[in-house]
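Asks: Sequence and predicted model, in that order:
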Amino acid sequence: MPKDEMVYVGHMLDKAHDALSLARGKTRHDYDNDLALRLALAHLIQVIGEAARRVSPQFRG
């Protein structure tokens, strides 16, 4: 895998860990009633998706 792909994979892992940290200990009720939490998680998932788009199909497979 080219070095650039490892950078994107690293970003994906970092943002996934951030999302898990934000969601840890939260319930669905917390999520539904906390706009900031919903927006933060949506943003992190978007960043993960954008990085994933730059990873080659061979690596994804």
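Replies: Nice, thanks for sending it over. Residues are numbered from 1 along each chain as shown.
Asks: Excluding sequence neighbours, find me the nearest residue to D34.
Replies: Leaving out its chain neighbours, the residue that sits closest to D34 by C-beta to C-beta, 6 or more residues apart in numbering is K26, at 7.8 Å. Heads up, the C-betas are built off the backbone N, CA and C, glycines and all.
Asks: Secondary structure element for the one you found, which one?
Replies: Using DSSP states H and E, K26 sits in no helix or strand.
Asks: what about it, how many residues close to it?
Replies: Other residues within reach of K26, judged by other C-beta atoms under 10 Å, total 12.
Asks: Just the pLDDT for it.
Replies: With respect to pLDDT, K26 scores 98.
Asks: Check P2 too.
Replies: pLDDT, P2: 64.
Asks: re the thing from before, can you tell me how far the residue nearest to D34 is from L20?
Replies: Relative to L20, K26 is positioned 11 Å away (C-beta to C-beta, to the nearest Å).
Asks: what do you get for V47?
Replies: Relative to L20, V47 is positioned 14 Å away (C-beta to C-beta).
Asks: shaky segments in the chain?
Replies: Along the chain, segments meeting pLDDT under 70 span 1-3.
Asks: change it to 50
Replies: Counting by pLDDT under 50, the chain contains no low-confidence range.
Asks: Scan it for its longest helix.
Replies: The residue-count maximum for a helix in the chain (DSSP state H) belongs to helix 3-23.
Asks: Please list the outside residues in contact with it.
Replies: Residues from elsewhere that reach helix 3-23 (C-beta atoms under 8 Å, 6 or more residues apart in numbering): 1, 31, 37, 40-41, 44-45, 47-48, 51-52, 54-56, 59.
Asks: which among the residues you listed end up buried?
Replies: The neighbour count (16 or more other C-beta atoms under 10 Å) marks L41, L44, V47, I48, A51, V55 as buried among the contacts of helix 3-23.
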